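Undergrad: This is the structure alone, sequence omitted:
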């Protein structure tokens, strides 16, 4: 029976201790800030990002994890002899899922499952953690995927913002909505 390795992307924001405990691999999202490029969680941590954002005149933008990054991670895991369940940020939120699929195609691997979390943040993180717990307990690839599907049905995201400033500066809402306080 093959072991199952869990791969996710940095949008899950799972604490590093849990990543280590469950041997979860994380593909970092790319952050572009002017002339600088950072790998999320590698070159820049969330605390540093928010401090920098509060002082920034130039807004950063993000880019999905590249197929090359997934290829590298997947290939390393396959060489270790494990199957892979890759639980990614929702397809409607990012192109990361597509990058993971492209990497799987480049590897011609049938033992890589790409799973759309349909979410982000810890709503995705809970899917990753429960699947990793199942994998650690000896579950097979299909069983780990079933765990993720079950958790996905029971999680959601609710968020509130202190200010509409960054939604406006990032182009998510217009000036009128910002003025009226309505996203």
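TA: Received the coordinates, thanks. Not measured: the values here are computed from a predicted model.

Undergrad: So for the helix or strand hosting residue 73, what gets flagged as buried?
TA: Secondary-structure element containing residue 73, defined by DSSP states H and E: helix 67-79. Of the residues in helix 67-79, those scored as buried under the neighbour-count criterion (16 or more other Cβ atoms under 10 Å) are 67, 69, 70, 71, 73, 74, 77, 78. Using the backbone N, CA and C atoms, a C-beta is placed for each residue, glycine as well.

Undergrad: name the helices or strands packed onto whichever helix in the chain runs longest?
TA: Longest helix in the chain, counting residues (DSSP state H): helix 121-136. Judged by 3 or more Cβ pairs under 8 Å, 6 or more residues apart in numbering; DSSP states H and E, the packing partners of helix 121-136 are strand 4-9, strand 83-88, helix 141-152.

Undergrad: Report the distance from it to the chain centre.
TA: Averaging C-alpha coordinates over helix 121-136 and over its chain gives two centres that are 12 Å apart (Cα atoms, centre = their mean, to the nearest Å).

Undergrad: That one relative to strand 83-88, how many degrees between them?
TA: Direction vectors for helix 121-136 and strand 83-88, defined by axes from the mean of the first three to the mean of the last three Cα atoms, to 10 degrees, enclose an angle of 170 degrees.

Undergrad: what does helix 121-136 contact?
TA: Taking contacts as Cβ atoms under 8 Å, 6 or more residues apart in numbering, the residues outside helix 121-136 that touch it are 3-6, 8, 11-14, 18, 22-24, 85, 87-90, 115, 117, 119, 143-145, 147-148, 150-152, 155-157.

Undergrad: and if you look at stretch 85-101?
TA: Counting by Cβ under 8 Å, 6+ apart, the neighbours of stretch 85-101 from elsewhere in the structure are 4-9, 11-12, 27, 29, 62, 64-67, 69-70, 74, 104, 112-120, 124, 127-128, 131, 135, 141, 144-145, 148.

Undergrad: Off-centre distance for that stretch?
TA: Relative to the centre of its chain, stretch 85-101 is centred 8 Å away, using Cα atoms, centre = their mean.

Undergrad: Likewise for stretch 112-124?
TA: Chain-centre distance of stretch 112-124: 7 Å, with Cα atoms, centre = their mean.

Undergrad: and that stretch, average pLDDT?
TA: In this model, stretch 112-124 has an average pLDDT of 92.

Undergrad: Walk me through the domains of this protein.
TA: With automatic domain parsing serving as the domain definition, the record reports that the chain contains domains spanning 4-29+64-152, 156-183.
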